[in-house]
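# Predicted structure and sequence below. I'll ask about it afterward.
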Amino acid sequence: MHDAMELNRRHWDDATEAHARGNIYGLEDFRRGMCRLHRVELAEVGDVSGKSLLHLQCHFGLDTLSWARRGAKVTGVDFSPKAVELARLLASDSGIPATFVCCNLYDVRDSLPGGGTFDVIFTSHGALCWLPDLKPWAQIIAHYLKPGGVFYVADAHPMGRIFPTEADINENPGIDPARPFFPYFGAAEGMRWPASADYADPTITTGPSHDWQHTLADIVGALLGAGLVLEFLHEFPFCAWRAIPAMVQVERFSDSHRYWGMPAGTPSLPLMFSIRARKPETTTTTKE
Ligand SMILES: C[S@@+](CC[C@H](N)C(=O)[O-])C[C@H]1O[C@@H](n2cnc3c(N)ncnc32)[C@H](O)[C@@H]1O
């Protein structure tokens, strides 16, 4: 495995331990029957009953199992052994049929047989920044979708990643938190982050990590390049976590489950995007 992704795998094992405690990530809410999906993806993915659904980077499966409660036949993929172990435990404790595969997304073909097998492929909130290269990611999506099947992603808008984080502000006294601090056009080698406070539980420190900035054009371009047809691209003035320190809660679903946006009276910014793309029913091949 790419060294940076191995570092990330350890980071996500740490994060899983933090997120599994109490109701920090909504585990207790989920056990009480609450749906862990946000309203935008629920509306935009639509009815999944009877459909086969592959969830990429599923963490410990709260969203995967929430889709299953809505009638989908679910498979989740994640490379953190701790996350997958917890996902399997939650599925069996809740009596929800689900398959969880533990592997690096880029190696998924070695662990998940078949192709053209899923009606829906889903990924969300904090997934794409962990991937060094979106071209093979999009090829994997095209490989597993049935002809006519739908890919859906809702994630933080890459624009939201250009501002300094809380840690950057603390370490650089006097910087303007409203001025861009990171480039929008990220470098191929990505960014190394030191061990830091966990986003869901700042009292816990998770190990160092490495991530990559992908522009909106990189994301759309990868999907089009893999032969998918874009159905829509939406932008929203809020996202699923407090990506910029100035953000405030603008919608609340539960203690651990909200949308955050810029405070009233400040200009709105694109903070989340969603994309739905379809694999064509037939692929046209041109004769040489
Ligand atoms: C922010 S979490 C996704 C959260 C999910 N949307 C949720 O709300 O539960 C990102 C996930 O991506 C997984 N991940 C990161 N890089 C990966 C890779 N190369 N292959 C597979 N999973 C990966 C991590 O283990 C982690 O569970």
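Yep, it's here.
# isn't residue 25 right next to residue 16, touching?
No. Using Cβ atoms under 8 Å, residue 25 makes no contact with residue 16, being 9.1 Å away. Every C-beta, even on glycine, is put in place using the N, C-alpha and C of the backbone.
# Mutual contacts of those two, please.
Listed as contacting both residue 25 and residue 16 by Cβ atoms under 8 Å, 6 or more residues apart in numbering are residue 60.
# residues touching residue 226, list them.
135, 138-139, 141-142.
# got a winner among the residues you listed for most neighbours?
Scoring the contacts of residue 226 on neighbours with other Cβ atoms under 10 Å, the highest-scoring entry is residue 141 at 25 neighbours.
# separation between that residue and the ligand?
13 Å (Cβ to the nearest ligand atom, to the nearest Å).
# who does the strand or helix carrying residue 55 pair up with?
Here residue 55, judged by DSSP states H and E, is contained in strand 52-56. Strand 52-56 sits in its sheet next to strand 73-78 (parallel), strand 118-124 (parallel), going by DSSP bridges.
# contacting residues around it?
With Cβ under 8 Å, 6+ apart as the criterion, strand 52-56 contacts 61, 63-64, 67, 72-77, 105, 117-123, 127, 140-141, 144, 146.
# Could you rerun that using 6 Å?
Here strand 52-56 makes contact (Cβ atoms under 6 Å, 6 or more residues apart in numbering) with 64, 67, 72-77, 118-123, 144.
# cool, and stretch 80-99?
The contact list for stretch 80-99, computed with Cβ under 6 Å, 6+ apart, reads 9, 12-13, 16, 20, 59-61, 65, 68, 74-76, 78, 100, 102.
# try it again with 7 Å
With contact meaning Cβ atoms under 7 Å, 6 or more residues apart in numbering, stretch 80-99 is reached by 9, 12-13, 16-17, 20, 58-61, 64-65, 68-69, 74-76, 78, 100, 102.
# Closest one of the contacts of residue 226 to the ligand?
residue 141 (13.4 Å; Cβ to the nearest ligand atom).
# Now do the SS call for the closest one.
helix (DSSP: H, G, I helix; E, B strand; the rest coil).
# Tell me how far it lies from residue 21.
33 Å (Cβ to Cβ, to the nearest Å).
# Pull the number of nearby residues for the nearest residue to residue 257 once chain neighbours are set aside.
Leaving aside its chain neighbours, residue 257 sits nearest to residue 26 (5.3 Å; criterion: Cβ to Cβ, 6 or more residues apart in numbering). For residue 26, the neighbour count with other Cβ under 10 Å is 22.
# Spit out the contact partners of the closest residue to the ligand within the stretch 51-200 of the chain.
Taking Cβ to the nearest ligand atom, the ligand has its nearest neighbour within the stretch 51-200 of the chain at residue 126, 2.9 Å off. Each residue near residue 126 by Cβ under 7 Å, 6+ apart is listed here: 155-156.
# Next up, identify which helix or strand it is on.
Assigned by DSSP H and E, residue 126 falls within no helix or strand.
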